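J.: model this:
(3 chains)
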Amino acid sequence: MSDFIQANLPYLLAGISVGGQYALIAIGYTMVYGILRLINFAHGDVFMAAGLIMVFAAASLPMYISIPLVIIVTVLLGFVIERVAYKPLRSAPRMSVMISAIGVSYLIQNCALYFTGGLPRVFPSIPWLTDTVTIFGAITKRVTVITPIITLILVVALVLFIKKTKVGMAMRAVSRDFQTSQLMGIKIDNVISMTFIIGCFLAAIGALLYFSNYQSVIPTSGSMPGLKAFVAAVFGGIGSIPGAVIGAFLIGIVENIIKGVGWTTFSDAFTFVLLIVILMVKPTGIFGEKKTDKV
Amino acid sequence: MKKLLAVSLAVLMLVSLCACGGGSKNVIKIGVYEPQSGDNGAGGKQEILGMQYANSVTNEIEIGGKTYKVELVISDNESSNDKAVSAASKLVSEGCAVVLGSYGSGVSIAGSDTFADAGIPVIGVTCTNPQVTEGNSHYFRICFLDPFQGTVLANFANDELKAKKAYCLGQLGNDYDIGLINYFKQAAEKLGMEVITAEFPKDNSDFNSYLTNAKNAKADVIFAPCSTSYAQLIIEQAEKQGIDVPILAGDTWDSNQILDAAKAKAPNAKIYVSTFYAEGGDVNFEKGFRDFINGNSVNKQNNGGNDIIAAVSVMGYDAYYTALEALKKADSVKAADVLKALPSTTYTGVTGKIAFDSIGDAARDTAYIKKVNTSTGLWDFVKVQTIK
Amino acid sequence: MFKKINNALNPSLRHPEQERASRINKVGAIILLAILYVFLFVLDNFLPAGSFTGMLIPVLRKGAIYALLCVSMNLLNGFTGLFSLGQAGFMLIGGYAYAILSIPASQHAAVYQYFDGGAIQFSIPEFFSSFLGAGLGSFVGSIICIIIAGVIAALFAALIGIPVLRLKSDYLAIATLGFAEIIRAIFQWNGFGIITNGSNLLRKYTALSDIRWDIGSVSLKFGTVFVFLIVTICILLIVLLINSSYGRAFNAVRDDEISAEAMGINLFKHKMMSFIISSFFAGVGGALLAMYQTTIQSAAFTSAMTYEILLMVVIGGIGSVSGSGIAAFLYIAANEWWLRFLDSGSIGSIEVSFFRGGFRKVIFSIAIMIIVLFFSRGIMGDKELSITGVINWFKNRKERKLAKKINASKEGE
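T.: Numbering: from 1, shown residues only, chains lettered A, B, ... in the order given. The predicted structure follows:
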């Protein structure tokens, strides 16, 4: 029995840990989608950029400065992206905004390529986080265990923020009805900026945890986690924060079980099969709200 | 504002059109067909460094009584087959007499027909897939081949590491990984080893499950001939999982990236690679090359931020001189004459004697096995491995 | 308003002026195409390979292929309003189907080196060459292979469409994106290696350079002409479709699904049709791309490829066929030809240190962002390029300026 646990626990641990990191990215997707109805394709790349900024910051600064710096710069990056690339298109068709998002993603990746010279960059070891620990005989990094805890704390804080504060109320109002909330005197632009700031803050934390686990940053590092986080957001019902978190953990765990069983070729494909199945059965996701078309 | 933008875009196009032209007399162009971006960007850049160094040492050649300046024309194939044709066409249109490259066999094969149509000979530097030179007369190569390398590594695993069971891990969709694993598997099974293979998808960064699989299967050796960006992750995650079996890989892992990763993140790792060249082979060359790297910040960055000499750079250096030798032998600047001269060209370079067989492959029967020294962050020479 | 629609629908009710314009456009287009083909033929055969023509040929070929891919995507995204991101997947299917069917039997052992020569042991172009001669045989054979490639892509689209097309907008986008990824994983799987060659590339099949005609000792090449021929035919078919009653139904579905349904348009049927037809041409485009590349590997068909095509569509103008074509050529030429000097480290003879590998792509993506943000309607908007249109544009320049002034003064008030 203990052999069995020792052999199979690593899959579960890896799954939970990956799931936690996906969750932090997925929240950014789901919040932006909830308000702007926009799949923010650049979100995965912001996540990658956060990792890269950490690589460059930690090369010359001590850890206690570079970590806050990474978070601040990433949040700024998200804010600037929204102001420059999405705000001018607020009245344009939704497809234009989505294409702008694809353009931003392309730009961030190419800038990363230029600055890194295409070489994979080794992520600095954050002390304590990257130490190894032993759980029931399975050896892993501390970050693996810490990630789900941090994720849960942040999610609870976020849900409280949205439920209890005025800004949170404004966010809920805007995601309900864009136009009406504008008429009610809510400053839409501020709410949207706030959404991006929160999303990028979580993405920055997610990046710190993710790259502590997988210590190499390349320009395309963000695309797969980004896509999977989006799948998680859809899975949980886009617009729903708890849904995104549950979806993310589920995908993380299932993906690792698939790898463990030996179907390694299809571990990514399976994520998408899962997505398509859920879209067929319940298009609005597990926690999504049902909407009817208005004529 | 809009007009200004439109005008500036148009000007950019115009400038770029002008920049396409130009050129002067008595210049001979050698094409460099290498990836500078994409999965293999890092390796491609190191290979180019070797050629650039060689070019800085010898940039003039006498042909037919006239002195020609040798110019390198670099074209980025982005490690991608769909960009390969236009990257190759670029070199053809520049009128290169001979082309060097590419790092990565897939793009080499993809660009091959473009060079063939133009009648330009190509000297492959480190493309190890047999298909590169097979069935054509214009592609040559100075490195060993995957069937050889796979067999060498299987022999090494069996003889030196006494492995009974190997876990092979390659990137799905990457013909280098999958091909080398295939040859390794054939040779290893012949030697009585048991082989398990697994593939990971592109842009994967979580290798914990794969490594757990290897551990649960009680593999004695992990064979992971993937590109260096994945290699870093595998090394580090294997260490953190407490996997202490040796990790074996092919020539792609002979890179500073691996040394850095192992030194910083995996002090207990046992990493062996097979490669074209072991440091310490030619002291003069190494000193010159180090000065070249350290003398320029861009060069140093392209080499991964330090001055450790990668085997691909040395191969790039030798390829450049092989090309010069062929030009001398042809006594002409025309691609067609170089193509005729190449099969009988021989050159003794830093990595040994280079001569081509009837297919266009270099006759090489030795590979160097090196091991990462995790305390110094340098390569330790292990042995010269040949096939029995 | 009604009169206008009626006029457009019924040629006999058209104004003589319109009638004349349409005739000029048709005749003009045929003349221009003829000139183009003569030029391409000369380019293929008689122009010396210099630094200009050497790049012009691959850029024209790839540009034409991408023009087709853009138009096929535009049919779906621009004209039917279905936001699909599965293009790369269908191109992959088309390209592979083409390559697998046209690898000569003698080359199977070399290509499928890890799979004992593979399962399929015949080659369609070779079959036709056996009685039509090498040149004509590979021409006919490759056309048949291209059609089969399109059909197989369309079949897959039909299968995928049944579940996926019930989804709306973004959900559809993400589901098709997912399908493209699944297709890629399947094609790379070793289990199907005897057909797809697993992760390894396919090569040695009939490529563009094989489309030639040998008369005695002279060998005439038709590579570029062939690409343009197929692309022109395909785009023409799509234009005919768009202008037919089906095309109008597609537009109705795009503009308002609910009212379209109320008008008696079968939503699912029309969406399915558009999806299948678009995929057919994506498959054809994939096959042509395979011919152009001379090798094909599934690893290249990532979602980035779909995004690239989508960007071209947007640059050209969503809902404009001619815009898609123009944008495809510009995009390919800029990305793979004109901007290459940015990577070289110098302008002319001046050394510029920040011009290093990758700088080209940064500049290029900034240019794309500028277009997306400031010219969001693209080059053509939803208009089409026509000869009379161009003539009128030049004629009406003054009037437009005047109108602008009037508008400006009106807004001022």
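J.: which SS state does C:Cys234 fall under?
T.: helix (DSSP: H, G, I helix; E, B strand; the rest coil).
J.: below-threshold pLDDT in the chain: ranges please.
T.: Reading this off chain A. In the predicted model, chain A carries pLDDT under 70 at residues A:1-2, A:289-295.
J.: hm, I was asking about chain B
T.: Residue ranges of chain B with pLDDT under 70: B:1-7, B:9-25, B:388.
J.: can you list the residues of the stretch 51-200 of chain B near chain C?
T.: Residues of the stretch 51-200 of chain B found near chain C (CB under 8 Å from any CB of the partner chain) are B:74-76, B:80-87, B:89-90, B:92-95, B:106, B:109-110, B:112-114, B:117-118, B:130-131, B:134-135, B:171-175, B:177-179, B:182, B:199. No exception for glycine: its C-beta is placed from N, CA and C like everyone else's.
J.: in chain B, what residue is nearest chain C?
T.: Residue nearest to chain C within chain B: B:Ser93 (2.6 Å; CB to the nearest CB).
J.: among the residues of the stretch 51-200 of chain B next to chain C, which ones are in strands?
T.: B:74-76, B:171, B:199 (DSSP state E).
J.: neighbour-wise, which of the residues you listed leads?
T.: B:Ser75 (30 neighbours; other CB atoms under 10 Å in any protein chain shown).
J.: any idea how far that residue lies from C:Gly378?
T.: B:Ser75 sits 30 Å away from C:Gly378, going by CB to CB, to the nearest Å.
J.: ok, residues contacting stretch C:124-131?
T.: Residues from elsewhere that reach stretch C:124-131 (CB atoms under 8 Å, 6 or more residues apart in numbering or on different chains): C:101-102, C:104-105, C:136-138, C:140-142, C:144-145, C:148, C:206, C:210.
J.: filter these to the buried ones?
T.: Buried subset of the contacts of stretch C:124-131 (neighbour count, 16 or more other CB atoms under 10 Å in any protein chain shown): C:101-102, C:104, C:137-138, C:140-142, C:144-145, C:148, C:206, C:210.
J.: let's have those residues in CSV, adding secondary structure, pLDDT and distance to A:Ala57.
T.: Listed next are these as CSV, based on DSSP: H, G, I helix; E, B strand; the rest coil; pLDDT from 0 to 100; distance: CB to CB, whole Å:
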residue, secondary structure, pLDDT, distance to A:Ala57
C:Leu101, helix, 93, 54
C:Ser102, helix, 91, 53
C:Pro104, coil, 90, 57
C:Gly137, helix, 86, 63
C:Ser138, helix, 87, 58
C:Val140, helix, 90, 62
C:Gly141, helix, 91, 59
C:Ser142, helix, 91, 55
C:Ile144, helix, 94, 59
C:Cys145, helix, 95, 54
C:Ile148, helix, 96, 55
C:Thr206, coil, 88, 54
C:Asp210, helix, 82, 55
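J.: can I assume the residue of chain B closest to chain C is in contact with C:Gly50?
T.: Yes: B:Ser93 is within contact range of C:Gly50, at 7.0 Å (criterion: CB atoms under 8 Å).
J.: can you tell me the element the residue in chain A positioned nearest to chain C falls in?
T.: Per CB to the nearest CB, A:Phe272 is where chain A lies closest to chain C, at 3.2 Å. Here A:Phe272, judged by DSSP states H and E, is contained in helix A:267-281.
J.: show me where pLDDT drops low in the stretch 201-350 of chain C?
T.: For the stretch 201-350 of chain C, the stretches with pLDDT under 70 are C:343-350.
J.: can you map out the helices along it?
T.: Here the stretch 201-350 of chain C has its helices, by DSSP state H, counting those that start in this stretch, at C:223-243, C:245-255, C:257-262, C:267-293, C:303-316, C:321-336.
J.: the stretch 1-150 of chain A too?
T.: Applying DSSP H, counting those that start in this stretch to the stretch 1-150 of chain A gives helices spanning A:2-36, A:43-60, A:63-81, A:94-116, A:142-164.
J.: what is the burial count for the nearest residue to B:Lys334 once chain neighbours are set aside?
T.: Spatial nearest neighbour of B:Lys334, excluding adjacent residues (CB to CB, 6 or more residues apart in numbering or on different chains): B:Ala97 at 6.9 Å. Number of residues near B:Ala97 (other CB under 10 Å) recorded here: 25.
J.: which residues touch B:Ala97?
T.: With CB under 8 Å, 6+ apart, B:Ala97 has these contacts: B:28-30, B:120, B:327, B:333-335, B:338.
J.: can you tell me which of these are in helices?
T.: Assigned to helices by DSSP state H, the following of those qualify: B:327, B:335, B:338.
J.: how much space separates the last one from B:Ala355?
T.: Right, the one you point to is B:Val338. If you go by CB to CB, the gap between B:Val338 and B:Ala355 works out to 16 Å.
J.: please compute how far stretch A:221-230 lies from its chain's middle.
T.: 8 Å (CA atoms, centre = their mean, to the nearest Å).
J.: which pLDDT value belongs to the residue nearest to C:Ser320 when sequence neighbours are not counted?
T.: Nearest in space to C:Ser320, with sequence neighbours left out and distances taken as CB to CB, 6+ apart, is C:Met380 at 3.9 Å. What the model reports as pLDDT for C:Met380 is 82.
J.: format the helices of the stretch 1-150 of chain A as a markdown table; extra columns: mean neighbour count.
T.: Shown next, in a markdown table, are the helices of the stretch 1-150 of chain A (neighbours: other CB atoms under 10 Å in any protein chain shown):
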| stretch | mean neighbour count |
| --- | --- |
| helix A:2-36 | 24 |
| helix A:43-60 | 24 |
| helix A:63-81 | 18 |
| helix A:94-116 | 22 |
| helix A:142-164 | 16 |
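J.: do you know how far A:Val70 is from C:Arg377?
T.: From A:Val70 across to C:Arg377, the span is 38 Å (CB to CB).
J.: how about A:Leu77?
T.: Taking CB to CB, one finds A:Leu77 at 28 Å from C:Arg377.
J.: with B:Tyr368 instead?
T.: 60 Å.
J.: ok, C:Phe39 next?
T.: Distance from C:Phe39 to C:Arg377, counting by CB to CB: 31 Å.
J.: B:Ser227 now?
T.: Per CB to CB, B:Ser227 is found 41 Å from C:Arg377.
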